[in-house]
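**Student:** Got a predicted model here, sequence first, then my questions.
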Amino acid sequence: MEKIRIACANRGAGTAPVFSAVEGGYFQENGLEPELVFYAGHSRSLPALVAGEVDFTNAVSPELISIDIQNKGDAVIIASAISRSAQQVSARPGLLKRNDLRGKRWGVLARGDADECSIAMAFERWGWDIRKDAEIVAVGSGGSRLDLLLDASKVDVAIMHAPEPFQAMKRGWNFVEDFGRLDVAFQNSCAATTRRFLKAKPDLVFKYVRAYCQGVYRFRTDPPFGIQVIQKYSGEADRSILEPTYVMFARLMGGMMFPSLEGVRTAGQVLHKLGMIPRLPAPEEFVDLAPILQLEQEDFFAKMMGLKVKPSK
C-alpha cells in the first residue's frame, strides 16, 4: 500500500467523491492508503497542496486558478465530479423571491472564491450588475460556515452548498435560488494534485484518479450509499435534509469525469472580470487530461458501467 494524504476543504457533499472512494474501499483496491486532512475551506487546503503538505485535494477551479496565478503555484485538475455551477441561495426571513435579493448583502467565505464567481455568473444571466446590485460580504472561515453565513446582522443572502440550504431552512431562512439550474459550464468539484507530484509519481496519480472516478460513479448510481456517505461526514442525521442533498448533488455529476476545459475557461473569465487575477488565462494551464485519457483508453468507463465490448469508433 502506498500512503497518500488528501486535503479536504469541508465535510459537505462537495467532497463526496473523496469520501465515497474511501467508504467504497476504492483507494485500497488501487493499492493506496489514504489519510484525510481537514482544512477550513479551499483557501487553506489548496496552499497546503502547493506547499507539499498533502498529495491531493478536492478543489474548485476559481481558487485553484487564483493560487496558481497569484502565488505561482502548480496545482492542476486531473478529474472532475461536477462541471456546472452547483451552489444554492438562501435568504434571511422576509426575502422570498429573486427580486427581493437585489441590492442586498451577499455572504461568501472569501472574495474571489467559487461562490462569488457563481454570483457573478447568475447576475449576468439575470441582467444584474454585481458591482451595483449586491454588496459582497466575506465572512471568513473563523467558525462554523453555516453560523457565519447565516448571521443576519451582516448577511442578507448566503451562498450555500448542500446540505446547507436545507439546514438553513430549519433556522427560518428561505431557499430562493438554485444555481444548478443555470447550466453554465463551470469546473466545480474536482480532483487536483500538483504538476510536481504528477511528474514524480504518474502511476500513483493514475491510481488516485481511477479510485476517485469509482467513488463518483458509486455515489451517483447508489443512493443509499451516497446518503450514508453524506450522513457520516457531514454529521447530519435528518433524512429530510439528507435525501434532497443527495439528489441535488448527484444530478449534477457527470458520467465520464473528464475535467471541463470550458468550465475552467469560464472560471478564469469571471475571476478576470472581478479583478481577482491580472490576466485572462488559458484553461490548459490548470488541467492535465493524461490520467483520465489513460482510463478511457483502457475502457475503464465502459467496464465500470457494466459493458464488456469496446464501442466501435
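**Tutor:** Nice, thanks for sending it over.
**Student:** so R111, which of the three states?
**Tutor:** Taking DSSP: H, G, I helix; E, B strand; the rest coil as the rule, one finds R111 in the coil state.
**Student:** Check it and give its pLDDT.
**Tutor:** Looking at R111, its pLDDT reads 94.
**Student:** ok, now the one 5 residues further on?
**Tutor:** E116 carries a pLDDT value of 97.
**Student:** for S312, same thing?
**Tutor:** 56.
**Student:** count of residues packed around K97?
**Tutor:** Look at K97: counted by other C-beta atoms under 10 Å, it has 10 neighbours. (Glycine included, C-beta is placed from N, CA and C.)
**Student:** That one reaches F175, doesn't it?
**Tutor:** No: under the criterion of C-beta atoms under 8 Å, K97 is not in contact with F175, lying 11.7 Å apart.
**Student:** Just the strands from the chain, written as ranges.
**Tutor:** For the chain, the strands defined by DSSP state E cover 2-8, 32-38, 56-59, 75-80, 88-91, 104-108, 134-138, 157-160, 174-178, 190-194.
**Student:** Would you reformat these as a markdown table and include distance to P17?
**Tutor:** What follows is the strands of the chain, written out as a markdown table (distance: least, C-beta to C-beta, whole Å):
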| stretch | distance to P17 |
| --- | --- |
| strand 2-8 | 11 |
| strand 32-38 | 12 |
| strand 56-59 | 6 |
| strand 75-80 | 8 |
| strand 88-91 | 19 |
| strand 104-108 | 23 |
| strand 134-138 | 27 |
| strand 157-160 | 19 |
| strand 174-178 | 21 |
| strand 190-194 | 7 |
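**Student:** Turn those strands into a markdown table, columns for distance to E285, mean neighbour count and mean pLDDT.
**Tutor:** Formatted as a markdown table, the strands of the chain follow (distance: least, C-beta to C-beta, whole Å; neighbours: other C-beta atoms under 10 Å; pLDDT from 0 to 100):
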| stretch | distance to E285 | mean neighbour count | mean pLDDT |
| --- | --- | --- | --- |
| strand 2-8 | 21 | 19 | 98 |
| strand 32-38 | 26 | 15 | 98 |
| strand 56-59 | 15 | 27 | 98 |
| strand 75-80 | 9 | 25 | 98 |
| strand 88-91 | 30 | 24 | 98 |
| strand 104-108 | 25 | 21 | 98 |
| strand 134-138 | 26 | 18 | 98 |
| strand 157-160 | 26 | 27 | 97 |
| strand 174-178 | 31 | 18 | 98 |
| strand 190-194 | 13 | 27 | 98 |
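**Student:** quick one, which of those strands is nearest to P281?
**Tutor:** Comparing those by their distance to P281 (C-beta to C-beta), the top pick is strand 75-80, with 12.8 Å.
**Student:** Distance from that closest one to the middle of the chain?
**Tutor:** 11 Å (C-alpha atoms, centre = their mean, to the nearest Å).
**Student:** Residues in contact with it: which ones?
**Tutor:** 46, 49-50, 59, 61, 64, 67-68, 187, 189-195, 198, 205, 208-209, 212-213, 216, 254, 257-260, 263-264, 286-288, 291-292 (C-beta atoms under 8 Å, 6 or more residues apart in numbering).
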